[in-house]
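Peer 1: Next input, structure requested:
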Amino acid sequence: MSTNTSTSKKDYYTLVDPIIRPPNSKIYKYGRRIKIMVYTEIKEKNGRKYYYRVKSIKKNKKVGKERIYLGVNLSEEELKKLEKEADEKLNILSAILTKEEIKFLEKIKQDFSKEPKENYENRYEAFCSLFTYDSTGIEGNTLTLSETSFLLFEGITPRDKSLREIHETLNHKKAFDYLVNYKGEITKEFILKIHELVVMNTLRQDLISQIGKYRTVQVFVGRSIPPKPQDVPDKMAGLLRWYSVNKNKVHPLVLASYFHTEFEKIHPFVDGNGRTGRLLMNFILHEHKYPMINIPKKRKFKYYQVLQEAQYKMNLRPFVVFLLSILKKDKLRY
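Peer 2: Alright, predicted model coming up:
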C-alpha cells in the first residue's frame, strides 16, 4: 500500500514576512536564525485522506516538528475551521514578536512598575481624558480634547454639542473606571457590562433592547459582513475560550492584539463595538501589568488598515507593530 503526502493550499496565519515555497507551504522568518513553517499534511491510505496540521521550526540548524491530527476526508469548510483551531493549539502567535521587541516590552513593563504613586491621579486624569477623546473621536465624536477633559473632571458641558456626544464621552469614562476597578477575568457578563456602560442613553429608541446584549440583528461594516446574529454567541464563546487557554502562553501585547482584532471581526453589538473593543484590549494589558495604549484618532485610517490586515489576511504582525509604534512614542503611562 502506498502513502502519498501533500500539503494544503490553505494557510490561515501569516506571521513575519511569509515566503511562499512549493509545495504550497509557507515559511515564516523570526529573526535571523529561526524559521517557522506551518502547513497541512495529507496522507492517503486505502482511498481515504488523513489530514494533519504541522508546525516545523528550524532554529539554527536544528528542526523540530509538532503535528495535530485534524480528521479524515474533510470538506474544505471543515478543514478551514480545524486548521484554525490547530494553529491556536500550536501557538503560532508566540513567534510574532522579535527578541528585541520582547526586550523592549519588558523594559516598558519594568519602567511602568516604577511610576511614582504621587502622580497617579494626574496620570489617570490625563490618560482617561486622552483615551476618551481619541476612542470616541475615532467613531465620530466632535468634542475637543479640552472639552472632553473639562466635561469629565470639571463638570463643564461644552456648548453646541449634541446630547448623544455628551453621553458618549461621559459613558466612556464610566466604562473605563469600571474596567480599572474590576478584579475578575474577562467573561461574557463583564463584556456585556462594559457595552451597557458605553452605549447607555446613546441608541435610538428601537435599539434600546440591544443595550448590554449580543446583537439580534445583522450589521454591516463597510464592505464586510460580520457573522449572523445567531452565530455571535458561539463565536464570542470561542474567543473567550481561546483567551482562557492562551492568557498565560502568549505575550500580553499579542494576546490583546488578537483578542481585539477577532472581537471587532465578530462585531457582537449593534453599536459601540470599537469603543468596547479598545477598552477590552486595554483591560488585557492592564491585567498583565503593562501600560494601556491609546490609539490616536489622527491615526484611525492606519488603525483600520492593520485591523483589516489581521482580520481578512490573517496577518496579525502589522497590528502588533502599530501598537508597538504607539508605545515607543507615548510618554504618558497609565
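Peer 1: Check for me that residue 295 belongs to a helix.
Peer 2: No - under DSSP: H, G, I helix; E, B strand; the rest coil, residue 295 sits outside any helix and is assigned coil.
Peer 1: Identify the residue nearest residue 308 in space, chain neighbours excluded?
Peer 2: Nearest non-adjacent residue to residue 308, counting by C-beta to C-beta, 6 or more residues apart in numbering: residue 224, 8.0 Å away. Every C-beta, even on glycine, is put in place using the N, C-alpha and C of the backbone.
Peer 1: which ones are touching that neighbour?
Peer 2: Residues in contact with residue 224, defined by C-beta atoms under 8 Å, 6 or more residues apart in numbering, are 308, 311, 312.
Peer 1: next one: residue 97
Peer 2: Listed by C-beta under 8 Å, 6+ apart, the contact set of residue 97 reads 105, 251, 253, 254, 320.
Peer 1: Please report how far it lies from residue 75.
Peer 2: 35 Å (C-beta to C-beta, to the nearest Å).
Peer 1: got it, and residue 65?
Peer 2: Separation of residue 65 from residue 75 (C-beta to C-beta) stands at 26 Å.
Peer 1: related to what we said a few turns ago, quick one: which of the contacts of residue 224 sit in helices?
Peer 2: Cross-referencing the contacts of residue 224 against helices under DSSP state H gives 308, 311, 312.
Peer 1: Identify the bridge partners of the residue lying closest to the last one once chain neighbours are set aside.
Peer 2: Pointing back at residue 312 there. Distances taken as C-beta to C-beta, 6+ apart place residue 224 nearest to residue 312, at 7.4 Å, with adjacent residues excluded. Under DSSP bridges, the beta-bridge partners of residue 224 are residue 221.
Peer 1: And residue 305, how far from residue 137?
Peer 2: Here residue 305 is placed at a distance of 18 Å from residue 137 (C-beta to C-beta).
Peer 1: Then residue 184?
Peer 2: Distance, residue 184 to residue 137, by C-beta to C-beta: 30 Å.
Peer 1: Have a look at the two and say which one is more surrounded.
Peer 2: Set side by side, residue 184 and residue 137 show more neighbours around residue 137, with 20 against 8, by other C-beta atoms under 10 Å.
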